[in-house]
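Participant: Mind folding the following:
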Amino acid sequence: MTVLLAGCSGAADDPGKVEKRDPSASGSPEPGGGSTDAGPSPEESLVPDPARLPKTRAEARDLIGRVIAGPDSFGPGVVKRSPYESDPATWPVLGEDCVWQQRKPAYSVLATLTRSFELPAEEGKGPVRLGAVVTVHRNREDAAWEMAESIEESMRCPTQQLREGELIGSMVAAALLGGESAQTASEDSLSETGQYQSSELGGPHHYSWQQAQTLQFTVAVTGKGAKGRTEREIDDLVVQAQAAMLVRLESAVEKQS
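Facilitator: As a prediction, the model looks like this:
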């Protein structure tokens with residue numbers, strides 16, 4: 001069953017939710033406490049080869065490089081933004097004041113990387129800011145906690161500051177477990193749409209975010225609209241890149257026949 005939530009979250013090309021969670025917010029489940037309810041078991045959605053699952057930071061970084069979106073993942077015309085890739089030694093945390101800030105990644109994270117993109121401005125249309133992130137946790141339960149914390153953040157902060165001069169709000173969120181409403185691409189999926197305002201690009205403009213969890217991995221994409229850009233245009237960019245990363249992830253870890 002789809003779960004609708006009111007709230008908002010950060011963006012992939014900014015210190016915001018799509019990049020990573022607060023390592024002190026929840027932490028991993030207690031030892032012996034059982035796994036988090038995050039949809040079907042990996043065996044039901046994806047049969048991985050244990051030898052292909054990353055166990056070290058180096059292996060996790062290698063997998064991220066093979067899975068994370070590039071400009072072509074979004075479709076024609078999308079280019080890299082500068083800076084293109086995030087600092088792997090930091091991840092964004094949503095403070096009690098609903099402002100995003102950079103901190104050291106949680107212990108549960110083997111590796112995480114965010115890339116930033118843009119669909120350049122053209123006649124009558126402003127630039128679309130896009131971001132993609134892949135995170136490799138130490139285990140599936142830690143990845144499930146990230147998804148749960150995403151929902152908590154949406155409810156806790158109805159408006160969030162991504163950085164100076166950038167705000168998002170008026171969000172509507174939905175969560176789907178694997179197998180619900182034909183959602184078969186991941187074990188758990190979250191999506192949010194709302195409004196984005198920028199001192200540079202004005203607004204409000206359409207905002208779209210998607211995040212999915214499978215096994216010990218999470219992947220997410222964000223799109224921030226601009227003048228002359230339709231909601232459908234932004235949503236299609238986000239959906240296409242998210243689907244591309246999930247296909248690459250499955251290919252990278254699935255058991256070979």
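
Participant: Would you mind confirming that residue 174 makes contact with residue 208?
Facilitator: No. Contact criterion Cβ atoms under 8 Å: residue 174 and residue 208 do not qualify, at 11.9 Å. No exception for glycine: its C-beta is placed from N, CA and C like everyone else's.

Participant: shared neighbours of these two, anything?
Facilitator: Common contacts of residue 174 and residue 208 (Cβ atoms under 8 Å, 6 or more residues apart in numbering): 191-192.

Participant: Could you check which of those two is surrounded by more residues?
Facilitator: Counted by other Cβ atoms under 10 Å, residue 174 and residue 208 do not tie: residue 208 has more neighbours, with 24 against 15.

Participant: Mind listing what's buried along the strand or helix carrying the more buried one?
Facilitator: Using DSSP states H and E, residue 208 falls within strand 202-214. Of the residues in strand 202-214, 203, 205-214 count as buried by neighbour count, 16 or more other Cβ atoms under 10 Å.

Participant: pLDDT of that strand, averaged?
Facilitator: For strand 202-214, the mean pLDDT works out to 93.

Participant: Partner strands of that strand, with direction?
Facilitator: strand 188-198 (antiparallel), strand 217-224 (antiparallel) (DSSP bridges).

Participant: How far off centre is it?
Facilitator: 9 Å (Cα atoms, centre = their mean, to the nearest Å).

Participant: follow-up on the earlier one: which one of the strands paired with strand 202-214 has the most crowded surroundings?
Facilitator: Stretch with highest mean neighbour count among these: strand 217-224 (a mean of 30; mean count of other Cβ atoms under 10 Å).

Participant: which element follows it toward the C-terminus?
Facilitator: Scanning onward from strand 217-224 (DSSP H and E), the first element met is helix 231-253.

Participant: Export only the CA atoms of that next one, formatted as PDB.
Facilitator: Listed in PDB are the C-alpha atoms of helix 231-253, where the atom choice follows Å, rounded to 0.1, in the frame of the first residue of the first chain:
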ATOM      1  CA  GLU A 231       6.700  19.000 -13.900                       C
ATOM      2  CA  ARG A 232       6.600  16.100 -16.400                       C
ATOM      3  CA  GLU A 233      10.000  17.200 -17.800                       C
ATOM      4  CA  ILE A 234      11.700  17.200 -14.400                       C
ATOM      5  CA  ASP A 235      10.000  13.900 -13.300                       C
ATOM      6  CA  ASP A 236      11.000  12.100 -16.500                       C
ATOM      7  CA  LEU A 237      14.700  13.100 -16.000                       C
ATOM      8  CA  VAL A 238      14.700  11.800 -12.400                       C
ATOM      9  CA  VAL A 239      12.900   8.500 -13.300                       C
ATOM     10  CA  GLN A 240      15.200   7.700 -16.200                       C
ATOM     11  CA  ALA A 241      18.400   8.100 -14.200                       C
ATOM     12  CA  GLN A 242      17.000   6.200 -11.200                       C
ATOM     13  CA  ALA A 243      16.000   3.300 -13.500                       C
ATOM     14  CA  ALA A 244      19.400   3.300 -15.100                       C
ATOM     15  CA  MET A 245      21.200   3.000 -11.800                       C
ATOM     16  CA  LEU A 246      19.000   0.200 -10.500                       C
ATOM     17  CA  VAL A 247      19.600  -1.800 -13.700                       C
ATOM     18  CA  ARG A 248      23.400  -1.300 -13.300                       C
ATOM     19  CA  LEU A 249      23.200  -2.300  -9.700                       C
ATOM     20  CA  GLU A 250      21.400  -5.500 -10.400                       C
ATOM     21  CA  SER A 251      23.900  -6.400 -13.100                       C
ATOM     22  CA  ALA A 252      26.800  -5.600 -10.800                       C
ATOM     23  CA  VAL A 253      25.800  -8.000  -8.000                       C
END
